[in-house]
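K.L.:
Provided below are the primary sequence and the corresponding predicted coordinates.
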Amino acid sequence: MLDIFKEIREDLQVLEKELHRVIEHQDPFLNQTSSHLLDAGGKRLRPAFAFLSAKFYNYKLKSVLPLAVALELIHMASLVHDDVVDSAMTRRGVPTVKANWGNRVSMHVGDLIFAKSLIMIAQYQKTPLVAQVLSQISVKMCEGEMQQISSVYQSQQSVKDYLYRVQHKTALLIAASCQLGAVACGASKEIYLPLRRYGYQIGMAFQITDDVLDMGADQKKLGKPIGGDLRQGIITLPVVYALKKSPDRKRLIELIEKTNKTEAEVSEAIDLISKCGGIDYANQVVERYIVKAKNELNYLPNIPAKQTLLIIADFIKYRKF
């Protein structure tokens, strides 16, 4: 990722220092727990999109840095909460906050991190669109998570149901990252709306790819166990397709709806999904979103950041982690 982001490498280094400064707390326990996920690293994809989008108009690091920090904190808070809901023990190759300190601490840590993001957002009083967009999307992220929780282990789900969750949980925040990076530097709608649409398409592709990787990536590279969605009863796009097309549909339904699966059953389900073309279908959908994302860049001026956004689109499609 650093090679892709070479144009903003120094800015990402500043971001990392600022994240640690904002997260730092005088209380040793609060400091340790709230910085745990931050110390584990991450792609910093949302801040990177904000920096690159800001390049399209009057770029100033100080103008976009608080936004970039807020975006990563919102994302981090959602991950801490997700790990409680999913009973996840590892993320980014290290134990989760839940694994180390339990559910009660994790929920409060997630709340603390999110509250820190509000402090950063408050710096944009002269640019009210920042707070408007991020507050709306924070609500939608919760709606997406609740829809997912209410539908676990339910095999009767449509592509529309799945795409709703992807849109709310992932795509909208990435879209906001691309939009608001430009907004923070004073860009007009002619610039920030195509960027928002690009981010939305990329966000959809990113999450679908993530769900595909959950069925066959290198576990060490992915940083968490393979087959996690199936174990938790989360119905992703390859599963939706397979439940319609698989000749072994009855057996697949049994496996999907079983709340306590063995490793052999998880492997069997992945095999059935793959054999009937579920993973290939999901990859085709990713390709369509990538094409749409690239098309949105045609509305933007030809600057180095535009080429970087094109490269990122291809990276999303071929990534292995």
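P.N.:
Good, I have the coordinates. Residues are numbered from 1 along each chain as shown.

K.L.:
Need the residue closest to the centroid of this protein.
P.N.:
T170 (4.6 Å; Cα atoms, centre = their mean).

K.L.:
Am I right that that residue sits in a helix?
P.N.:
Yes: when classified by DSSP: H, G, I helix; E, B strand; the rest coil, T170 is found to be part of a helix.

K.L.:
how about it, what does it touch?
P.N.:
203-204, 206-207, 210 (Cβ atoms under 8 Å, 6 or more residues apart in numbering). (C-beta placed from N, C-alpha, C; glycine too.)

K.L.:
quick one: it from H108, how far?
P.N.:
Between T170 and H108 the computed distance is 24 Å (Cβ to Cβ, to the nearest Å).

K.L.:
coming back round to it: let me have the contacts of T170 in a markdown table, extended by secondary structure and neighbour count.
P.N.:
Formatted as a markdown table, the contacts of T170 follow (DSSP: H, G, I helix; E, B strand; the rest coil; neighbours: other Cβ atoms under 10 Å):
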| residue | secondary structure | neighbour count |
| --- | --- | --- |
| G203 | helix | 28 |
| M204 | helix | 26 |
| F206 | helix | 26 |
| Q207 | helix | 24 |
| D210 | helix | 18 |
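
K.L.:
Reformat those residues as a markdown table; add distance to L300 and pLDDT.
P.N.:
Below are the contacts of T170 laid out as a markdown table (distance: Cβ to Cβ, whole Å; pLDDT from 0 to 100):
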| residue | distance to L300 | pLDDT |
| --- | --- | --- |
| G203 | 18 | 98 |
| M204 | 19 | 98 |
| F206 | 20 | 96 |
| Q207 | 24 | 96 |
| D210 | 26 | 93 |
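
K.L.:
with the residues you listed in mind, which one is nearest to V94?
P.N.:
D210 (18.4 Å; Cβ to Cβ).

K.L.:
contacting residues around the closest one?
P.N.:
Per Cβ under 8 Å, 6+ apart, neighbours of D210: T170.

K.L.:
State the distance from it to R249.
P.N.:
From D210 across to R249, the span is 25 Å (Cβ to Cβ).

K.L.:
ok, now L173?
P.N.:
From L173 to R249 the distance is 34 Å (Cβ to Cβ).

K.L.:
From what I see, E265 and L255 are in contact.
P.N.:
Yes: shown here, E265 and L255 form a contact pair, counting by Cβ atoms under 8 Å, at 5.5 Å.

K.L.:
Compare those two and say which is more crowded by neighbours.
P.N.:
L255 (19 against 16; other Cβ atoms under 10 Å).

K.L.:
Now that one: which helix or strand?
P.N.:
For L255, the host element (DSSP states H and E) is helix 249-257.

K.L.:
Check which element follows the worst-scoring helix or strand of the chain on mean pLDDT along the chain.
P.N.:
Of all helical and strand segments in the chain, the minimum by mean pLDDT, DSSP states H and E falls on helix 219-222, at a mean of 55. Remark: after helix 219-222, the chain's next helix or strand is helix 228-232, criterion DSSP H and E.

K.L.:
Could you give the separation of that following helix from the chain centroid?
P.N.:
Chain-centre distance of helix 228-232: 17 Å, with Cα atoms, centre = their mean, to the nearest Å.

K.L.:
let's have the chain start at 27 instead
P.N.:
Sure thing, new numbering starts at 27, so read that last one as helix 254-258.

K.L.:
Now do it: which elements does it pack against?
P.N.:
helix 289-301 (3 or more Cβ pairs under 8 Å, 6 or more residues apart in numbering; DSSP states H and E).

K.L.:
buried sites along the helix it packs on?
P.N.:
For helix 289-301, burial by neighbour count (16 or more other Cβ atoms under 10 Å) applies to 291-292, 294-296, 298-299.

K.L.:
cool, stretch 109-123 as well?
P.N.:
109-112, 114, 116-118, 122-123.

K.L.:
Export those to CSV and append columns for distance to N84.
P.N.:
Below are the buried residues of stretch 109-123 laid out as CSV (distance: Cβ to Cβ, whole Å):
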residue, distance to N84
D109, 39
V110, 41
V111, 41
D112, 41
A114, 41
T116, 42
R117, 37
R118, 34
T122, 40
V123, 38
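
K.L.:
Could you tell me which of the residues you listed are located in strands?
P.N.:
Judged by DSSP state E, those include 116-117 as members of strands.

K.L.:
Looking at the buried residues of stretch 109-123, which one is closest to G212?
P.N.:
R118 (34.8 Å).

K.L.:
Any chance you could list what contacts the strand or helix carrying S132?
P.N.:
Assigned by DSSP H and E, S132 falls within helix 123-147. The contact list for helix 123-147 (Cβ under 8 Å, 6+ apart) reads 48-49, 56, 59-60, 62-63, 92-93, 95-97, 99-100, 102-104, 106-107, 109-110, 113-116, 122, 156-157, 160, 164.
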